[in-house]
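*Asks:* need a structure here:
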Amino acid sequence: MKKHILFPLLLSTGLASGEEASWLEGNQLSGDWHGVRTRLKDSGVTVFANYNAIVAANVSGGLKDDEAFAGDLYAGVKFDLEKILGWDDTVFTISGVERHGRSVDRAVGGQYSVMQLVGGQTAFLYELNLEKKFLDDTLSVKLGRMSATDDFVGSPYYSYSLNNAVDGQIRAVLFDGVMTSYPFPVWGGRVKYEPCDEFYVSVGAYQLSDNIFDPKDHGVDFNIRGDDGISIFTQVGWNPVFDGRPAHFFAGMNNAFHRIDQFNTAQDTHHFTRFYGHGDYQVYSETPGSDQGLVVFATLAYTAREEVAIMPVQSTLGLHYKGLFPGRDNDRTVFFATYGGFSDDYAAQQLAVGMGKPEYEMVLEAGHRFQITPALYAQPDIQYIIRPGGTGKVDNALVLGMQFGATF
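*Replies:* Sure, this is the predicted structure:
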């Protein structure tokens, strides 16, 4: 089936089944399948699918003008094994990813991708894991095929960015090959202890290998090799309420034990540590207790290991307003400003091969997400990339884009 007809075909599924009302009001475009979806869920089987796409153009600056399209289909099934087999509080998940298209990144010439759906443009088997809860659901353990970005270094507010400087996770944590990421699964495990709504602590361990980001494996390389490393995350979160408005904070550390080449030398490093943090607070709510209003958030990632870290320091400031315009209560208006500083060792290596000396790159981004139905959105977006690639040799770039998506 050709990809360009996949979206309208799925879009029509709910309408063809005579479920026009549920198509407009429900959380899935394909509706309830004449009750089949509800009966499956009641029996312990939940089917899910999401499609997101970006069309973008570099219209000024950078290396050249360009336009591109990219899409990501994520689908799978969750099996509630308590309902199916009588195993208390146990869920088995299997999912897959199909990515297609390309980005205008080469035309922009920056370190950060301006189209976050690009990376591994092929089909993957993604999740294949089991999660069980203990101690009245305060302790959860997940084992199997997954990635660290499923559970660490992320916030829902990041997902409204088209630039991968922050979308999904704080990007600097990923640059050095020590954090596994969607859609590239590895063997791993995560333990999360959440004794109350305000506090949690999570620890995760994930396989590292030299080819974890190889799309040719399609997510089905299940081998564990003798020279594989391990990436360990520890994250603590606090979710208080101040003056009736919610806040969320987390701080974490990633320790990676794997061979990492040092810049500009023949030596390597076998232990790498990076720290990261996030804080957000609803500074204004339209009515007491409402989620409509303005949220401000900030992030920070830092490591002292400049000999192996492309960007030792990255920070983002974000603004997120839900329901800014009258009558559009579920729309989101967003702004992101990201600074990424290149390491001196990486800069020396780039300078030695005639690429110029990168110092820093900044990304400014603004967008408005129209929530057309609960299951369908469209988000026009504008990005301004300052010093693409960090050297100052490439003109600042202006990228116009649109992201749209649906839940089926």
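*Asks:* Listing request: residues of the chain with sub-threshold pLDDT.
*Replies:* 1-23 (pLDDT under 70).
*Asks:* Show me it divided up by domain.
*Replies:* For the chain, the structural domains run 1-43, 44-407, going by automatic domain parsing.
*Asks:* Please identify the most buried of these.
*Replies:* domain 44-407 (a mean of 18; mean count of other C-beta atoms under 10 Å). No exception for glycine: its C-beta is placed from N, CA and C like everyone else's.
*Asks:* Check the separation of the first and last residues in it.
*Replies:* End-to-end distance for domain 44-407: 20 Å, by C-alpha to C-alpha, to the nearest Å.
*Asks:* try stretch 161-181
*Replies:* 17 Å.
*Asks:* What of stretch 364-384?
*Replies:* 5 Å.
*Asks:* Quick one: distance of it to the chain centre.
*Replies:* 16 Å (C-alpha atoms, centre = their mean, to the nearest Å).
*Asks:* Same check on stretch 309-318?
*Replies:* Taking C-alpha atoms, centre = their mean, the mean C-alpha location of stretch 309-318 is offset from the chain mean by 16 Å.
*Asks:* Could you measure from the spatially most central residue of the chain over to Ala266?
*Replies:* Compute the mean C-alpha point of the chain, and by C-alpha atoms, centre = their mean the closest residue is Gly168, 1.7 Å away. Distance, Gly168 to Ala266, by C-beta to C-beta, to the nearest Å: 34 Å.
*Asks:* repeat for Ile84
*Replies:* 55 Å.
*Asks:* Span of stretch 113-131 from start to end?
*Replies:* Stretch 113-131 has an end-to-end distance of 32 Å (criterion: C-alpha to C-alpha).
*Asks:* now do stretch 301-308
*Replies:* 15 Å.
*Asks:* same check, this time on stretch 147-154
*Replies:* 12 Å.
*Asks:* Stretch 278-293 too?
*Replies:* Counting by C-alpha to C-alpha, you get 19 Å between the two ends of stretch 278-293.
*Asks:* what do you get for stretch 83-93?
*Replies:* 14 Å.
*Asks:* I would like the residues contacting that stretch, please.
*Replies:* 42-45, 76-82, 127-134, 137 (C-beta atoms under 8 Å, 6 or more residues apart in numbering).
*Asks:* got the residue ranges for the helices in the stretch 251-400 of the chain?
*Replies:* In the stretch 251-400 of the chain, the segments counted as helices under DSSP state H, counting those that start in this stretch are 344-352.
*Asks:* can you tell me how far Glu98 sits from Ser285?
*Replies:* The spacing between Glu98 and Ser285, counted by C-beta to C-beta, is 39 Å.
*Asks:* what do you get for Thr316?
*Replies:* 23 Å.
*Asks:* who touches the closest residue to Gly101 other than its chain neighbours in this structure?
*Replies:* Leaving out its chain neighbours, the residue that sits closest to Gly101 by C-beta to C-beta, 6 or more residues apart in numbering is Ala70, at 3.3 Å. Residues in contact with Ala70, defined by C-beta under 8 Å, 6+ apart, are 53-54, 99-103, 115, 117-118, 121.
*Asks:* quick check, Ala70 in a strand?
*Replies:* Yes - per DSSP: H, G, I helix; E, B strand; the rest coil, Ala70 lies within a strand segment.
*Asks:* What residues are bridge-paired with it?
*Replies:* When bridges are taken as DSSP bridges, the partners of Ala70 come out as Ile54, Gly101.
*Asks:* change the start of the numbering to 670 and stick with it
*Replies:* Will do, 670 is the new start, and the previous item becomes Ala739.
*Asks:* Strands along the stretch 970-1077 of the chain, start to end?
*Replies:* In the stretch 970-1077 of the chain, the strands defined using DSSP state E, counting those that start in this stretch lie at 982-991, 1001-1010, 1029-1042, 1045-1055, 1064-1076.
*Asks:* residues in contact with Met815?
*Replies:* 796, 798, 854-855, 857, 859, 875.
*Asks:* would a markdown table of those residues with secondary structure and distance to Val847 be doable?
*Replies:* As requested, these are exported to a markdown table (DSSP: H, G, I helix; E, B strand; the rest coil; distance: C-beta to C-beta, whole Å):
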| residue | secondary structure | distance to Val847 |
| --- | --- | --- |
| Glu796 | strand | 21 |
| Asn798 | strand | 21 |
| Pro854 | coil | 16 |
| Val855 | strand | 12 |
| Gly857 | strand | 13 |
| Arg859 | strand | 17 |
| Tyr875 | strand | 10 |
